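S.K.: One predicted model, sequence on top.
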Amino acid sequence: MANREQRSKDKLKMKKKKEKEKSSAVSSNSSNAYMPESYISKLTECRSRMQSSIDKLINDLKPLSTGRVEPGIIESVTLPELRRTIGEISTIIVKSARSLLIQIYENGALSMVERALMDKALEHLRLQLSIDSADNAITVNFPKLSNEMKNSLLKVIRQKCEECKSAIRTTRSMYLQQMQKTMKNDLSADEQIKLKQNLQRVTDEMVDLVVQAEKEKERELSQ
């Protein structure tokens with residue numbers, strides 16, 4: 001009987017040890033704190049949702065460029081009628097420093113692509129894209145931006161970055177509210193503090209990524 005009880009205790013200790021190791025992967029400062037698996041999962045889920053906001057921001061910032069054009073600028077543009085992107089229904093080739101050639105292999109999609117490109121141009125301050133179509137191919141010419149247009153694009157960049165930061169902070173608040181419903185019963189006072197610190201640390205890291213993306217894009221436009 002004693003041996004059986006000892007084995008049970010050893011199993012419990014091993015389980016707690018593994019959960020502590022998982023918790024330390026979330027934050028090095030919490031390596032000595034026991035945290036239930038459910039809260040570690042919540043932090044991971046929260047980080048993933050924040051990362052989705054950043055991924056969307058990066059895609060939104062791609063067309064805002066003054067340098068050599070790349071397929072990535074337009075390949076993620078959505079075609080509402082097909083619920084697919086331009087990159088999914090075509091091959092995009094760099095034709096020159098300021099132009100791209102879109103070779104479409106989806107029948108009947110030419111006008112949809114044209115419309116989607118012009119909508120994207122309008123969204124980004126009427127970039128005045130020049131589009132030449134023939135058969136199932138479209139040549140997209142990108143204008144050289146004036147200083148006035150560069151300044152306008154900088155405003156759009158800053159606005160989109162602020163919206164992303166706001167989305168990240170909203171996600172933080174949402175997950176904090178979810179965890180507060182149970183943490184008082186599940187965690188000690190010190191563990192609650194550590195959990196909140198971990199959540200804030202994740203938030204700060206994600207906001208820093210947005211700031212870096214903003215600075216990088218501003219440097220690109222200032223060249």
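M.R.: Now that the structure is in, tell me what you want to look at.
S.K.: List the contacts of the nearest residue to residue 100 once chain neighbours are set aside.
M.R.: Counting by CB to CB, 6 or more residues apart in numbering, residue 140 is the residue found nearest to residue 100 once chain neighbours are left out, at 4.8 Å. The C-beta positions use only the backbone N, C-alpha and C, and glycine is treated the same way. Counting by CB atoms under 8 Å, 6 or more residues apart in numbering, residue 140 touches 74, 99, 100, 101, 102, 117, 129, 130, 131.
S.K.: do the same with residue 100
M.R.: Contacts of residue 100 by CB under 8 Å, 6+ apart are 69, 71, 73, 74, 92, 93, 94, 139, 140, 142.
S.K.: Now find how far off-centre the longest helix along the chain is within its chain.
M.R.: What stands out as the longest helix in the chain, according to DSSP state H, is helix 147-186. From the chain centre to the centre of helix 147-186 is a distance of 11 Å (CA atoms, centre = their mean, to the nearest Å).
S.K.: In terms of secondary structure, what does it contact?
M.R.: For helix 147-186, the packing partners by 3 or more CB pairs under 8 Å, 6 or more residues apart in numbering; DSSP states H and E come out as helix 37-61, helix 189-222.
S.K.: relative orientation of it and helix 37-61 in degrees?
M.R.: Computed by axes from the mean of the first three to the mean of the last three CA atoms, to 10 degrees, the angle separating helix 147-186 from helix 37-61 equals 170 degrees.
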